[in-house]
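# Sequence plus the predicted model coming up.
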Amino acid sequence: MMSRALEQSADAVVITNDMGEIVYVNPAFEDITGYSKEEALGKKANLLKSGMQDEDFYRSMWKSITSGLPFTDIFINRRKDGELYFEAKTITPVFSVGGVLTHFVSTGKDITNRLKEKERLERLLHYDAVTGLANRVLLRDRLNQAILQARRQGSMLGIVCVGLEFSELLGKAQEKVLGERLLKKAAQRLVDTLERNTTIARIRADEFVILLKHLHNHEDFETVAKSLLSAFSEPVAAEGYELFLSPA
């Protein structure tokens, strides 16, 4: 019954000897990794190692399991075809009746799709669907963090609100067709103008908020404001239209 349970488990099961050489894999391992049982047996357990996790991660793992403690974490592995996947894995040491370490048993679940779905939901929750910029939720979170950091470091932070009115320039008919494209172009111009890692959020149809951190004085704030005005001195083009936008 135990043998059938291992063979029919949906989780990948791998058993290695105390030297880390594979002595057993179940069919789920073959399905998940792309390696057949014949290809895996006798190989080292690092057969699936992707190189995406540093040596400290593996040292911590070996320290745990060789001292008799199970190790649980998410591994970034590589299938036979080269594709990366995420595996929630537990490695458990096995001891003989006399207390001698003889084998390691690992059970793993491919959670790649689950993480991708989580990432997609996180993006829907925290980012604007049209421009890809932060939304109100993410802006509020980063603003709270920035305030705490500024208090600790005694530094300044600034908030810039930028309004870009499309409807008056385009009219309702063109706004529906071109507004979204122009909005994306305008958002990209903000991204290109500001320093990397600056939080830029879209909070209304054509209103943006910029969170500035690590300011030393008011002159730094003025420099950013001037650069934004300069950035929109050139027209924003989309679908054959060129519009001069004056950020307010």
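Perfect, I can see it now. Residues are numbered from 1 along each chain as shown.

# Could you report the distance from the residue located most distally from the centre of the chain to Thr193?
Residue farthest from the centre of the chain, counting by C-alpha atoms, centre = their mean, is Gly98 at 46.0 Å. Gly98 sits 70 Å away from Thr193 when distances are taken as C-beta to C-beta, to the nearest Å. Backbone N, C-alpha and C define where each C-beta goes, glycine included.

# mind checking pLDDT for the residue farthest from the centre of the chain?
Per-residue confidence (pLDDT) for Gly98: 90.

# Over to it. Which of the three states is it?
coil (DSSP: H, G, I helix; E, B strand; the rest coil).

# Flag every buried residue along the helix or strand containing Lys116.
Assigned by DSSP states H and E, Lys116 belongs to helix 112-126. The neighbour-count check on helix 112-126 (16 or more other C-beta atoms under 10 Å) flags Thr112, His126 as buried.

# what does stretch 53-71 give?
For stretch 53-71, by 16+ other C-beta under 10 Å, it's Met61, Ser64, Ile65, Phe71.

# Secondary structure element holding the third one?
What it means is Ile65. helix 55-66.

# So what touches that helix?
Helix 55-66 has contacts (C-beta atoms under 8 Å, 6 or more residues apart in numbering) with Pro70, Phe71, Asp73, Ile91, Thr92, Pro93, Leu101, Phe104.

# Could you give the bridge partners of Thr156?
Actually, residue 156 is Met rather than Thr. Met156 has these beta-bridge partners by DSSP bridges: Leu215.

# quick one: contacts for the residue nearest to Leu115 when sequence neighbours are not counted?
Distance criterion C-beta to C-beta, 6 or more residues apart in numbering; nearest residue to Leu115, sequence neighbours excluded, is Phe86 at 5.4 Å. Contact analysis of Phe86 by C-beta under 8 Å, 6+ apart lists Ile74, Phe75, Ile76, Asn77, Asp110, Ile111, Thr112, Leu115.
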